[in-house]
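Q: From the sequence below, what's the structure:
(2 chains)
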Amino acid sequence: MTEQIQPVRGMNDVLPAEMAAWHAIETAARELLSGYGYQEIRVPVVERTELFKRAIGEHTDVVEKEMYTFVDQGGESLTLRPEGTAGVMRAIISNGMLRGQRHKLWCAGPMFRHERPQKGRYRQFHQISVEAVGYVGPDVDVELIALCARLWRRLGLQGVRLEINSLGTAESRRAYRERLVEYLQAHQDQLDADSRRRLQGNPLRVLDSKNPQMRALIDAAPLLTEHLDPQSQEHFQGVCTALEGLGIPFRVNPRLVRGLDYYSRTVFEWITDALGAQDAVCSGGRYDGLIAQLGGEPTPGIGFAMGIERLVALLRQGGPCVTPSSADVYIVVSGPRASSFSLGLIERLRDELPGRRFELNLGGGTLKTQFRRADRSGAALAVILGDDELQRGVAALKPLRREAGQSESPLSALAAAIESALAVAAAQT
RNA sequence: GUGGACGUAGCUCAGCUGGUAGAGUCCCGGGUUGUGAUCCCGGUUGUCGUGGGUUCGAGUCCCAUCGUCCACCCCA
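A: Predicted structure coming up:
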């Protein structure tokens, strides 16, 4: 055997056995989003590198070390999208969709980040990202969160908790950042290596440290929520009261900082204990400055993204997602005349019973083999087509899921006979 | 990028202080020459991740390398 070609690290095949969970999530999301007035948009997986640098921020980990960037034949630097929002905002601007108009959009597809794979974290992963552009909030903030909550309910997901915070406007955050840097620099000696590094690039992330030895220092640090500008304060208060009004439980986490620079004001994260270290299942926030930053006319926006692989993992933990058996009827064929006749017969049956799933025995085999395949196909009924039957103008029907004798039906009335045999089989299960 | 655990049949795994490979499952054939699942009998699974080294001898010990998983980091 020649050497096998290995799959690319961190990029997974989604196998048929997992598909039921994917479809459950995708169809539930699709239906719900449409019910909330969101329209699907599809944008390229590849964009100019500059787009992500400007949107996400030069000093974020994503841009600094996680992007799949390459130079194409024309010498341009292109990047496989590491997240969905930037591309959708670019599309809105490119297609002249602003001019005071408002848009509710969603976009699904693969994202790429060059990180070390681990549970719930892959180099190619899938997101459904949802964007509301031109809405100042806080009502839309709350509606989006309610949409998420409804989706979890519909999918039967337990134990997904909501955490929210406000990052304020870019200006108030800048002011707070100065206070924080002052504080952290005053305690330089207590900082661990990671935090010192963050202090340079993205000081707010120091607050996110998981190192227990940093706990006391972080707890005593000035709080972002206490340095919000009055409008942001009011906005956040509006979000909180509306969530309470809707009966959606949440926790204000003053240390919830997002990794992408474009967020402002409301940020939120749905987290779970069931997935190990990668606990965020869905997260997002406002990005009021982003569109202007990308060269569009200043327009507020908010959005979130859910990680499909993580939702699939959660859903499958709750119980197996059963893929329906692949066939209703399996057609067993015996003899040379029957073989040549069977393809035409099954095509006719498909015309007559378009909703039924037929599987024709392909590739020959003994009767024993064919019945074994029939059994494994999950079909409730086997239709036997042999030269004997053919000569008499009939086909034999054998129920596979219960002990019952075979019967025969004239070929001319086969579709009706199959329907009634399947009805009997269904009634008994 | 850093750390830890692990790589043996398609799958799940066993293999002791070094003596050239096993179970279950799956698949195939037969018992049943026109009948599955069950049962009985038989059969194929393999560069032991890869490359070196130590040794009379390596799945087992050592080194390197690749891969997987988990955690750090980061985030969906």
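Q: and A:Met97, helix, strand or coil?
A: Classification of A:Met97 by DSSP: H, G, I helix; E, B strand; the rest coil places it in coil.
Q: That one reaches A:Arg90, doesn't it?
A: No. Using CB atoms under 8 Å, A:Met97 makes no contact with A:Arg90, being 11.0 Å away. Using the backbone N, CA and C atoms, a C-beta is placed for each residue, glycine as well.
Q: Between those two, which is the more surrounded one?
A: A:Arg90 (22 against 17; other CB atoms under 10 Å).
Q: Just list the residues touching the more buried one, thanks.
A: A:Val43, A:Glu47, A:Leu51, A:Leu294 (CB atoms under 8 Å, 6 or more residues apart in numbering).
Q: Which helix or which strand is home to the third one?
A: In other words, A:Leu51. A:Leu51 is part of helix A:49-56 when elements are defined by DSSP states H and E.
Q: list the contacts for A:Asn211?
A: Taking CB under 8 Å, 6+ apart, we find A:Asn211 in contact with A:Asp192, A:Asp194, A:Ser195.
Q: Of those residues, which are in range of RNA strand B?
A: For RNA strand B, the contacts drawn from these by CB under 7 Å from any atom of the strand are A:Asp194.
Q: Find the nearest non-adjacent residue to the residue nearest to the spatial centre of chain A, please.
A: Nearest to the geometric centre of chain A sits A:Ile308, at 2.5 Å (CA atoms, centre = their mean). Spatial nearest neighbour of A:Ile308, chain neighbours left out: A:His126 (4.1 Å); criterion: CB to CB, 6 or more residues apart in numbering.
Q: so is A:Thr266 in a helix, a strand, or just coil?
A: Per three-state DSSP, A:Thr266 ends up strand.
Q: if I look at it, how far off is A:Leu167?
A: Distance of A:Thr266 to A:Leu167, computed by CB to CB, to the nearest Å: 8 Å.
Q: element containing A:Arg401, please.
A: Using DSSP H and E, A:Arg401 is not contained in any helix or strand.
Q: OK, contacts around the spatially closest residue to it that is not a sequence neighbour?
A: Nearest residue to A:Arg401 in three dimensions, chain neighbours excluded: A:Ala380, at 5.2 Å (CB to CB, 6+ apart). A:Ala380 makes contacts with A:Asp328, A:Val329, A:Pro399, A:Leu400, A:Arg401, A:Leu422, A:Ala425, A:Ala426, as judged by CB under 8 Å, 6+ apart.
Q: would CSV of these with pLDDT and neighbour count be doable?
A: Shown next, in CSV, are the contacts of A:Ala380 (pLDDT from 0 to 100; neighbours: other CB atoms under 10 Å):
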residue, pLDDT, neighbour count
A:Asp328, 92, 21
A:Val329, 94, 24
A:Pro399, 92, 19
A:Leu400, 89, 17
A:Arg401, 84, 14
A:Leu422, 93, 19
A:Ala425, 85, 18
A:Ala426, 84, 11
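Q: can you put those residues in CSV and add secondary structure and distance to A:Leu256?
A: As requested, those are exported to CSV (DSSP: H, G, I helix; E, B strand; the rest coil; distance: CB to CB, whole Å):
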residue, secondary structure, distance to A:Leu256
A:Asp328, coil, 51
A:Val329, strand, 55
A:Pro399, strand, 58
A:Leu400, coil, 55
A:Arg401, coil, 53
A:Leu422, helix, 54
A:Ala425, helix, 54
A:Ala426, helix, 51
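Q: rewinding a little: when you check the contacts of A:Asn211 against the helices, which ones overlap?
A: Using DSSP state H, A:Asp194, A:Ser195 are the members of the contacts of A:Asn211 that sit in helices.
Q: A:Ala274: which of the contacts of A:Asn211 is nearest?
A: Nearest to A:Ala274 out of the contacts of A:Asn211 is A:Asp194 (CB to CB; 26.1 Å).
Q: Could you report the neighbour count for the closest one?
A: Using other CB under 10 Å: A:Asp194 sits among 15 other residues.
Q: do the one 10 residues further on as well
A: A:Leu204 sits with 19 neighbouring residues when counted by other CB under 10 Å.
Q: What of A:Gly296?
A: A count of nearby residues for A:Gly296, using other CB under 10 Å, gives 19.
Q: Now do the same for it: helix, strand or coil?
A: Strictly by three-state DSSP, A:Gly296 counts as coil.
Q: and after the host helix or strand of A:Arg350, which helix or strand comes next?
A: Per DSSP H and E, A:Arg350 falls inside helix A:336-352. As assigned by DSSP H and E, the chain's next helix or strand after helix A:336-352 is strand A:358-360.
Q: What average pLDDT does that following strand get?
A: For strand A:358-360, mean pLDDT is 92.
Q: which intervals of chain A have sub-threshold pLDDT?
A: For chain A, applying pLDDT under 70 flags the ranges A:1-3, A:212, A:323-325, A:429.
Q: what does the domain assignment say about it?
A: Domain assignment for chain A by automatic domain parsing gives A:16-169+A:229-317, A:329-422.
Q: where do the strands sit along the stretch 51-200 of chain A?
A: All strands of the stretch 51-200 of chain A, identified by DSSP state E, counting those that start in this stretch, fall at A:68-71, A:77-80, A:103-112, A:124-133, A:161-166.
Q: counting contacts, what elements does the helix holding A:Leu51 pack onto?
A: On a contact count with 3 or more CB pairs under 8 Å, 6 or more residues apart in numbering; DSSP states H and E, helix A:49-56 meets helix A:61-65, strand A:77-80, helix A:85-94, helix A:290-293.
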